[in-house]
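[1] Predicted model and sequence follow; I will ask about them next.
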Amino acid sequence: MKRISLLLVIAIGPMMLMAQKTKKKATAPTQTIVQETTPKETPPPYKKTLMIPKFEMRNIIDSSLFTNANLDKSKRTIFIYFGPECGHCTVFTKKMMDSLDLFKNTQIIMVSSFGFDKIKKFYEDNKIASCPFITMGQDKDYFFISHYGIRQFPSAYVYNKAGKFVKAYTSEINIFELAAEK
């Protein structure tokens, strides 16, 4: 038993000596200036230009190209970015379709980057064809996502008759508030 104890002391002793702290020489404190910086978020491009952007999308009706040149300059414009499989988008679209009289002097551009077939099914299921001032299209190049910095569905971006940005809405969009924006 004495031999085991002696072996342990011999084996563990040097490790205990190495584990002790060594004293450091005292040095004069140095003054360091630390600036706290918070990363600034770069605003999405629509907040920089504030005008309707130049865009291209595929019209869901006939796959034709639809651009900002096709917009009616005498009406305000609302871009609605949606996901055809999004429950919030379906509820929002049903509410909007039930309140079409609120949007008489408005052109609504509904855009999605999802597959063409899914967007077309959403178009048909929600009877969008019954409303001539709604245009639905596919943004296969993801222009709208990057331009508006979209993170939630649905998102709406309102422009007045002059094509100047008015307000952005995300996620839970109140139909009456959206319709009232001038």
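    Cool, got the structure. As the structure is a computational prediction, the values presented were derived from the model and not from experiment.
[2] Please count neighbours and contacts with C-alpha atoms only from this point.
    Noted.
[3] C-alpha coordinates for the host helix or strand of Glu124, CSV please?
    Under the criterion of DSSP states H and E, Glu124 resides in helix 116-125. Output in CSV follows, covering the C-alpha atoms of helix 116-125 (Å, rounded to 0.1, in the frame of the first residue of the first chain):
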residue,chain,number,x,y,z
PHE,A,116,-45.5,28.8,-62.5
ASP,A,117,-48.0,25.9,-62.0
LYS,A,118,-48.4,26.8,-58.3
ILE,A,119,-49.0,30.4,-59.0
LYS,A,120,-51.5,29.6,-61.8
LYS,A,121,-53.4,27.3,-59.4
PHE,A,122,-53.5,30.1,-56.8
TYR,A,123,-54.8,32.4,-59.5
GLU,A,124,-57.6,30.0,-60.5
ASP,A,125,-58.5,28.9,-56.9
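[4] Can you tell me which helices and strands whichever helix or strand comes after it packs against?
    Sequence-wise, the next helix or strand downstream of helix 116-125 (DSSP H and E) is strand 134-138. Packed against strand 134-138, as judged by 3 or more C-alpha pairs under 8 Å, 6 or more residues apart in numbering; DSSP states H and E, are the following elements: strand 56-59, strand 106-112, helix 116-125.
[5] rerun that using 6 Å as the cut-off
    strand 56-59, strand 106-112 (3 or more C-alpha pairs under 6 Å, 6 or more residues apart in numbering; DSSP states H and E).
[6] Tell me the strands beside that strand, with direction?
    Paired neighbours of strand 134-138 in the sheet (DSSP bridges): strand 56-59 (antiparallel), strand 106-112 (parallel).
[7] downstream neighbour of it in the secondary structure list?
    Strand 134-138 is succeeded, C-terminally, by helix 143-148 (DSSP H and E).
[8] Outside of the helix or strand following that following helix itself, list whatever touches it.
    Per DSSP H and E, the first helix or strand lying C-terminal to helix 143-148 is strand 155-159. In this structure, residues lying in contact with strand 155-159 by C-alpha atoms under 6 Å, 6 or more residues apart in numbering are 76-81, 165-171.
[9] Buried ones among these?
    With burial judged by 16 or more other C-alpha atoms under 10 Å, the buried subset of these is Arg76, Thr77, Ile78, Phe79, Ile80, Tyr81, Phe165, Val166, Lys167, Ala168, Tyr169, Thr170.
[10] For those residues, give me TSV that also has secondary structure and pLDDT.
    Listed next are those as TSV, based on DSSP: H, G, I helix; E, B strand; the rest coil; pLDDT from 0 to 100:
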residue	secondary structure	pLDDT
Arg76	strand	96
Thr77	strand	97
Ile78	strand	97
Phe79	strand	97
Ile80	strand	97
Tyr81	strand	97
Phe165	strand	94
Val166	strand	94
Lys167	strand	93
Ala168	strand	93
Tyr169	strand	93
Thr170	strand	86
